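Participant: okay, structure incoming, though there's no sequence with it:
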């Protein structure tokens, strides 16, 4: 397939913005499709913010949606309702509207090679240069529609769910229903082919050979290589919902799916996204309950693969066996949404339902606002 694209210079365009109630409906919609089952209500936020710096053991938003370790060793945690936090090893700093980030609904956070932090939110893309936040407007003329029959906002070209910088320094931005955008030197490139059926790009990754991997909700996998896209669909409907993609140090490809476990490809070059008994193996709930829906995956510095499950806690894989951790072991929640490793080799988990916990290889330490 030849690459069809149009370049648009960055410019200011006035767009209709959804109201607060639409955002609430939209966030609920996202939580539903990120998991097969959505259980319970989030507990209330108990902290009265005295400033913008909190001491350790005090972070506890409703959902920790994304995480990052920056080049200085700071940890960043985005939340679905309460903005973004930075942890320097002692204190959490809360960034909000007064700091220049005007959207508290955070879905992705990423650091580029030059050091700037990029943050994807419901209402668009923000850049942080170490001193201030700046919004980067996405040039489009799409008008936000009314809520659908289910009370959801189905498409939003400003909502950035995933961010990745490729080997050439381009940023790839996964959008809510408008495919993937590429941002470079102040210009956005839009790719109409990835808008197929209003593709929701939930994750973006890059292989060692430079292949860009795009995981979608319902449209399987898009790959971008040598200036062209290719789409791979599974014959199993649920396996067309991709939550995360990870290529490990041994060039194995891990794909997590909604309700379909994790697919492990020993050979990345595949002609179809389905089980053929040769090219990949399926890791399902028979290994651990955490494999029903795996929100996020991480390969740590020791080579262990971590899987964050919705309801089954987390699992680690050392290449030989799986080990499952749940609240019985000290995990803050069995619904874990994001994972990151700090400079000391501790593994941090963010949860749905509030808060964080840190695993030092022996025990968990909880960081939460809740009793």
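Facilitator: The structure has been received and is ready for your questions. Quick caveat, the model's predicted, so the values are computed rather than measured.
Participant: what's the offset of stretch 167-177 from the middle of its chain?
Facilitator: 13 Å (CA atoms, centre = their mean, to the nearest Å).
Participant: so what's residue 155 up against?
Facilitator: Applying CB atoms under 8 Å, 6 or more residues apart in numbering to residue 155 gives the contacts 142, 145, 176-178, 198. (C-beta placed from N, C-alpha, C; glycine too.)
Participant: tell me where the model's unsure across this structure.
Facilitator: Within the chain, the stretches with pLDDT under 70 are 1-61, 144-154, 267-269, 275-278, 354, 368-371.
Participant: please confirm that residue 193 is located within a helix.
Facilitator: Yes - according to DSSP: H, G, I helix; E, B strand; the rest coil, residue 193 belongs to a helix.
Participant: before we move on, the earlier item: and the contacts of residue 155, which is closest to residue 322?
Facilitator: The nearest member of the contacts of residue 155 to residue 322, counting by CB to CB, is residue 176 at 32.9 Å.
Participant: if we can go back for a sec, and the contacts of residue 155 as CSV, adding secondary structure, neighbour count and distance to residue 240?
Facilitator: What follows is the contacts of residue 155, written out as CSV (DSSP: H, G, I helix; E, B strand; the rest coil; neighbours: other CB atoms under 10 Å; distance: CB to CB, whole Å):
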residue, secondary structure, neighbour count, distance to residue 240
142, coil, 15, 25
145, coil, 13, 24
176, strand, 25, 17
177, coil, 19, 15
178, coil, 25, 18
198, coil, 15, 14
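Participant: residue 303: which of these is nearest?
Facilitator: residue 176 (34.0 Å).
Participant: neighbours around the nearest residue to that closest one once chain neighbours are set aside, how many?
Facilitator: Spatial nearest neighbour of residue 176, excluding adjacent residues (CB to CB, 6 or more residues apart in numbering): residue 159 at 3.7 Å. Residues lying near residue 159 (other CB atoms under 10 Å) number 26.
Participant: dump the residue contacts of residue 159.
Facilitator: Taking CB under 8 Å, 6+ apart, one finds 26, 107, 120-124, 175-176 in contact with residue 159.
Participant: how about 7 Å then?
Facilitator: By CB atoms under 7 Å, 6 or more residues apart in numbering, residue 159 lies in contact with 107, 122, 175-176.
Participant: from these, which land in strands?
Facilitator: Counting by DSSP state E, the members of those that fall within strands are 107, 175-176.
Participant: on that earlier part again, could the contacts of residue 155 go into CSV alongside distance to residue 326?
Facilitator: Converted to CSV, the contacts of residue 155 look like this (distance: CB to CB, whole Å):
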residue, distance to residue 326
142, 43
145, 41
176, 31
177, 34
178, 38
198, 36
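Participant: closest to residue 225 among the ones in strands among the contacts of residue 159?
Facilitator: residue 175 (20.5 Å).
Participant: the residue nearest to residue 176 and residue 181, how far apart?
Facilitator: 12 Å (CB to CB, to the nearest Å).
Participant: quick check: chain neighbours aside, which residue is closest to residue 305?
Facilitator: Excluding the flanking residues, the one nearest residue 305 by CB to CB, 6+ apart is residue 317, at 4.4 Å.
Participant: which strand residues bridge that neighbour?
Facilitator: Beta-bridge partners recorded for residue 317 (DSSP bridges): residue 305, residue 322.
Participant: touching, it and residue 303? I think so.
Facilitator: No - judged on CB atoms under 7 Å, residue 317 makes no contact with residue 303 at a distance of 9.6 Å.
Participant: so between the two, which is more surrounded?
Facilitator: Each of residue 317 and residue 303 has its neighbours counted (other CB under 10 Å); residue 317 has more, 22 against 12.
Participant: beta partners for residue 204?
Facilitator: What pairs with residue 204, by the bridge criterion (DSSP bridges), is residue 214.
Participant: contacting residues for it?
Facilitator: 162-164, 172, 174, 180, 212, 214.
Participant: now do the helices in this structure.
Facilitator: Ranges of helices within the chain are 20-33, based on DSSP state H.
Participant: so in it, which strand runs the longest?
Facilitator: The longest strand of the chain (DSSP E) is strand 156-165.
Participant: partners of that strand in the sheet?
Facilitator: Checking strand 156-165 against DSSP bridges gives partners strand 171-176 (antiparallel).
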